[in-house]
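# What would the 3D arrangement of this be:
(one chain, ligands or ions: 2)
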Amino acid sequence: MLKNTDDAWGIVAKAFHWVFAVIILAQLVLGKVAEEAQVSPQKLDLFVWHKSIGVTILLLLTLRIAWRLVNTPPKAVAGVARWEHWAARAGHILLYTLMIAVPLSGWWVSDTSRIPFEAFWLVPVPDFLEANRDASQVAEVVHGILTKALLVLIVVHIVAALRHHFILGNDTLRRMSPFRR
Ligand code: HEM
Ligand code: HEM
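Ligands and ions are numbered 1, 2, ... in the order given. Okay, the predicted model is just below:
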């Protein structure tokens, strides 16, 4: 079952969800590690990885969003209150918004800095803006705030999923499980 049905997520939506969950969490850790590393050639390499994975996320996201738009999500899980279902939907839209805004703001940092960047040391990434120290510093603050907002929202999202599973005992988590058809 590739597509979603009324009561289940399809294989493609599940694959996107779990691949993104892993790479977004890894990317949050990598950004922090690169940021905290002492100035060294390794720090620069960590940032090339961070930026390369970040632009890859942005590209993959266009596919995920296209799939999401042509593929209606399942209906509310039995036993979940209407308001809660819509609150979850709103949370998901915010997650998507931040998944776009975070890499775009990272690109803004990179684009306004003086450091040339080729994704995976191979693919030149278009440079739209002139190097500008002030703009780069504003972009760094914005990227930092947005990554923190994304982290908070992910924690709320995971706690909500676990609450549905372990406290309310409904099918919310089970139907996103990669091991269940
Ligand atoms: C252990 C970690 C995670 C668990 C247990 C989890 C659980 C779930 C579950 C159960 C759903 C389905 C909700 C429903 O049917 O209404 C869901 C949807 C979703 N999750 Fe997660 N999630 C996790 C991590 C993440 C991460 C890191 C992100 C990315 C930022 C994320 C983004 C989303 C989005 C955007 C949806 C909505 C899917 C759609 O409408 O296409 N999740 N998650
Ligand atoms: C989903 C994608 C991304 C996530 C989750 C993410 C996450 C992070 C995190 C957590 C930090 C450390 C922030 C801090 O401690 O203040 C960071 C820093 C940074 N990120 Fe990203 N990032 C993403 C995409 C990108 C992209 C696409 C680029 C560039 C093309 C980028 C460039 C940077 C740069 C240059 C810094 C250092 C900023 C500074 O010096 O303050 N990031 N990122």
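# Chain neighbours aside, what residue packs nearest to the residue of the chain positioned farthest from its centre?
The C-alpha centroid of the chain is most remote from residue 79, which lies 28.6 Å away (C-alpha atoms, centre = their mean). The shortest distance from residue 79 to any non-neighbouring residue, by C-beta to C-beta, 6 or more residues apart in numbering, is to residue 170 (4.7 Å). All C-beta spots, glycine's among them, are computed from the backbone N, C-alpha and C.
# my read: that neighbour touches residue 80, true?
Yes: contact criterion C-beta atoms under 8 Å: residue 170 and residue 80 qualify, at 6.0 Å.
# circling back to that earlier point, give me the neighbour count for the residue nearest to residue 79.
A total of 16 residues lie near residue 170 under the criterion other C-beta atoms under 10 Å.
# tell me, what's touching residue 170 and residue 80 both at once?
Common contact partners of residue 170 and residue 80 (C-beta atoms under 8 Å, 6 or more residues apart in numbering): residue 164.
# Would you mind measuring from residue 76 to residue 28?
30 Å (C-beta to C-beta, to the nearest Å).
# Tell me if I'm right that residue 110 and residue 116 touch.
No: judged on C-beta under 8 Å, residue 110 makes no contact with residue 116 at a distance of 9.4 Å.
# Please say which of these two ends up with more neighbours.
When residue 110 and residue 116 are compared for neighbours, residue 110 comes out ahead with 22 against 10, by other C-beta under 10 Å.
# The residue nearest to residue 79 belongs to a helix, doesn't it?
No: assigned with DSSP: H, G, I helix; E, B strand; the rest coil, residue 170 falls outside any helix and is coil.
# ok, it - contacts?
For residue 170, the contacting residues are 77, 78, 79, 80, 164, by C-beta under 8 Å, 6+ apart.
# The same query, at a cut-off of 6 Å, please.
Going by C-beta atoms under 6 Å, 6 or more residues apart in numbering, residue 170 touches 77, 79, 80, 164.
# Can you report how many residues lie near residue 173?
Counted with other C-beta under 10 Å, residues neighbouring residue 173 total 16.
# That one reaches residue 163, doesn't it?
No: assessed by C-beta atoms under 6 Å, residue 173 is found out of contact with residue 163, at 9.6 Å.
# Excluding sequence neighbours, find me the nearest residue to the most centrally placed residue in the chain.
Residue closest to the average C-alpha location in the chain (C-alpha atoms, centre = their mean): residue 99, at 3.9 Å. Distance criterion C-beta to C-beta, 6+ apart; nearest residue to residue 99, sequence neighbours excluded, is residue 61 at 5.9 Å.
# How about whichever strand or helix holds the one you found and ligand 1, touching?
Counting by DSSP states H and E, the element that carries residue 61 is helix 41-70. Yes: counting by C-beta under 6 Å from any ligand atom, ligand 1 is contacted by helix 41-70 at residue 68.
# Right, I'll call it a day here.
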